[in-house]
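Asks: need the 3D shape of this:
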Amino acid sequence: MSFPASRLNLTLVIVSLYMVLDAAFMLVRVPPGTVTSVPTGELLIVFFFLSLPRDLDFINPFFRSVPFVPLVIWWLVGVTQLCIGIAEYGFWALRDATSLVESLFLWIGFVVAAVPGAVPKIIVWFRRILVLSALIVLTYPFRDFLATISPAIMSVHMKPAPLFFTYSLTPIVSLVTALWLFVSDIRFAGLRSSWLAGLLLIFVAALIQQRTIYLQILFLFVLLAATKPANALRVVGPVLAGIAVLVAVLALGVPIPGRVSADVSLNFYLQHFLAIGGTDGGGTWESDAVRGAAGGVNQRFLWWSVIWENVTSTWTRALFGLGYGISMVALANDPTIDSAVREPHNSLVSALGRTGFIGLVSYVWLHVALAITAVRTYAAYRAKGFDETSQWIFLLGAMFALFWIAAIGEDAFEKPFIAIPYYFYFGVVLNLWYRDAYAPRSRATKDSPIFAVRNSGG
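Replies: Residues are numbered from 1 along each chain as shown. Down below sits the predicted model:
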């Protein structure tokens, strides 16, 4: 096997493990059991850096494809703050710079997608991840027992955590699985996949009990209605069937071992959804769990307001932020929060706090430009009849949007198990965009890796 093909396989394994093992795999570090050990994702970045001489031909195509200006501005501000932070805080500055450092997976995705036949292989692996994530989510009712039999791994705070069954990213990916089942409309043992998708959506909503999950499901409905109206109509029956099953379970008094509460009703889910606004419900919340969830929203607003006050306290901070190494949450002096919590559960607020308004504007600019490129790539490949590739880009776009919905109330892009797949797959999309938009007009020869991959059927 050639070096590029071996490197592709290694990358696919690592990205897949981040998606399937999610929060646990980000604790896999070298050497194990030390606070200053290096995470697996960063080791892969180092590996690609050392093999850069083999990839020099990709530098120009990459910078022609990536949103160059916002990426450079964000990196200049971020790397400057990181260097300052390392000098003062050491390891913790590197830990806080996950969203910055792991954006290098844009390069990794772009490079490995140039291996002949890579994109079809990446699509196959992605589908396997979707299936595995759905199967893992179905084990959620047994999570407490499964945690006891799972091998343990040490966190950076030297606390043991289960290696398997952590359910941090897999619920989100399982929603993409449901979307795939909806748009594919295939049959399993005579049953249309859309019915399985409807049951999966209701299962995830009923048991995971995250308010961002409710928003993500609503987004999927809107996405289907806007882009695939015929598929949207097929959603109605399966989703209603899933709700009917949930109502029957509740009526029979069967306990639902959900994340927030097992004592649930349809009113509980309605109130839990309404708690997104963070109000006290006028004193009408029936559940302490819902009341606590609503209070958590107000708590985050407190963190964000304190970060805003600190960032806007001087012109230097307003422009360039507070830097890496300090805990954003600790600024609020909140005694109810574990000291291990460092990010304010909103990736945009984190970007503002770490890199100021210059960093935030370039950060938003970068991701909006990436999203536009993904839409244009999807449209281009769909117009040319590449149905498999265009459907995959459609699913990726949905997953990226779900990540951003999660980033409203969680520190999504500050976590490697979200940041690494996000940037990696966007790097692959950038490669596809380059092939369609630039490679046909370039002077590439048949020996050029970009030209070779474009003609590989990928």
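
Asks: next SSE after the helix or strand containing Glu309?
Replies: According to DSSP states H and E, Glu309 maps onto helix 288-311. The helix or strand immediately downstream of helix 288-311 is helix 315-320, counting by DSSP H and E.

Asks: quick one: distance of that following helix to the chain centre.
Replies: 29 Å (Cα atoms, centre = their mean, to the nearest Å).

Asks: just the mean pLDDT for it, thanks.
Replies: Across helix 315-320, pLDDT averages out at 95.

Asks: Tyr89 contacts Tyr324, correct?
Replies: Yes. Counting by Cβ atoms under 8 Å, Tyr89 touches Tyr324, with 7.3 Å between them. C-betas here are computed from N, CA, C, even on glycine.

Asks: please say which of the two ends up with more neighbours.
Replies: Tyr324 (25 against 16; other Cβ atoms under 10 Å).

Asks: just give the closest residue to Ile136, not the sequence neighbours.
Replies: With sequence-adjacent residues excluded and distances taken as Cβ to Cβ, 6 or more residues apart in numbering, Ile136 is closest to Thr170, at 4.8 Å.

Asks: quick one, what contacts the one you found?
Replies: Applying Cβ atoms under 8 Å, 6 or more residues apart in numbering to Thr170 gives the contacts Met19, Val20, Asp22, Ser133, Ile136, Val137.

Asks: report the contact partners of the fifth one.
Replies: Contact partners of Ile136, counting by Cβ under 8 Å, 6+ apart, are Val20, Phe165, Tyr167, Thr170, Ser174.

Asks: again, but for the first one
Replies: When contacts are counted by Cβ under 8 Å, 6+ apart, Met19 is found next to Ile129, Ser133, Leu169, Thr170, Val173, Phe417, Pro421.

Asks: kindly recompute the last result at 7 Å.
Replies: Ile129, Ser133, Leu169, Val173, Phe417, Pro421 (Cβ atoms under 7 Å, 6 or more residues apart in numbering).

Asks: same check, this time on the fourth one
Replies: Contacts for Ser133 (Cβ under 7 Å, 6+ apart) come out as Met19, Val20, Thr170, Val173, Ser174, Thr177.

Asks: residue ranges with poor pLDDT in this structure?
Replies: 33-36, 155-158, 189-190, 231, 260-263, 277-295, 339, 439-458 (pLDDT under 70).

Asks: name the surrounding residues that touch stretch 385-398.
Replies: For stretch 385-398, contacts defined as Cβ under 7 Å, 6+ apart pick out 119, 123, 126, 176, 179-180, 183, 220, 223, 374, 377-378, 381-382, 425, 429.

Asks: ok, these vs Gln299, which is closest?
Replies: Minimum separation from Gln299 among the contacts of stretch 385-398 (Cβ to Cβ) is found for Leu220, which lies at 28.3 Å.

Asks: show me what counts as buried in the longest helix seen in the chain.
Replies: Determined from DSSP state H, the single longest helix within the chain is helix 347-383. Burial within helix 347-383, assessed by neighbour count using 16 or more other Cβ atoms under 10 Å, is assigned to 347-363, 365-367, 369-370, 373-374, 377-378, 380-381.

Asks: widest-spaced pair of the contacts of Ile136?
Replies: Phe165 and Ser174 (13.6 Å).

Asks: out of the two, which sits in the busier spot?
Replies: Ser174 (27 against 20).

Asks: just checking, that one touches Ala134?
Replies: Yes. Ser174 is in contact with Ala134 according to Cβ atoms under 7 Å; the separation is 4.6 Å.

Asks: who touches both of those two?
Replies: Joint contacts of Ser174 and Ala134 (Cβ under 7 Å, 6+ apart) are Leu200.

Asks: all strands of the stretch 1-150 of the chain, in order?
Replies: With DSSP state E, counting those that start in this stretch as the criterion, the stretch 1-150 of the chain has strands at 29-30, 38-39.

Asks: quick check: which of the ones you listed is nearest to Ala407?
Replies: When these are compared by Cβ to Cβ, strand 38-39 sits nearest Ala407, at 20.2 Å.

Asks: contacts for that closest one?
Replies: Residues from elsewhere that reach strand 38-39, judged by Cβ under 7 Å, 6+ apart: Met26, Arg29, Val30, Pro416.

Asks: which residue, neighbours along the chain excluded, lies closest to the residue nearest in space to the middle of the chain?
Replies: Geometric centre of the chain, nearest residue: Ile418, 3.3 Å, by Cα atoms, centre = their mean. Excluding the flanking residues, the one nearest Ile418 by Cβ to Cβ, 6+ apart is Ala412, at 4.9 Å.

Asks: Val222 sits in which helix or strand?
Replies: Per DSSP H and E: Val222 is located in helix 211-227.

Asks: on the three-state scheme, Phe165 is what?
Replies: coil (DSSP: H, G, I helix; E, B strand; the rest coil).

Asks: contacting residues around it?
Replies: Thr139, Arg143, Leu146, Ala147, Ser150 are the contacts of Phe165 under Cβ under 7 Å, 6+ apart.
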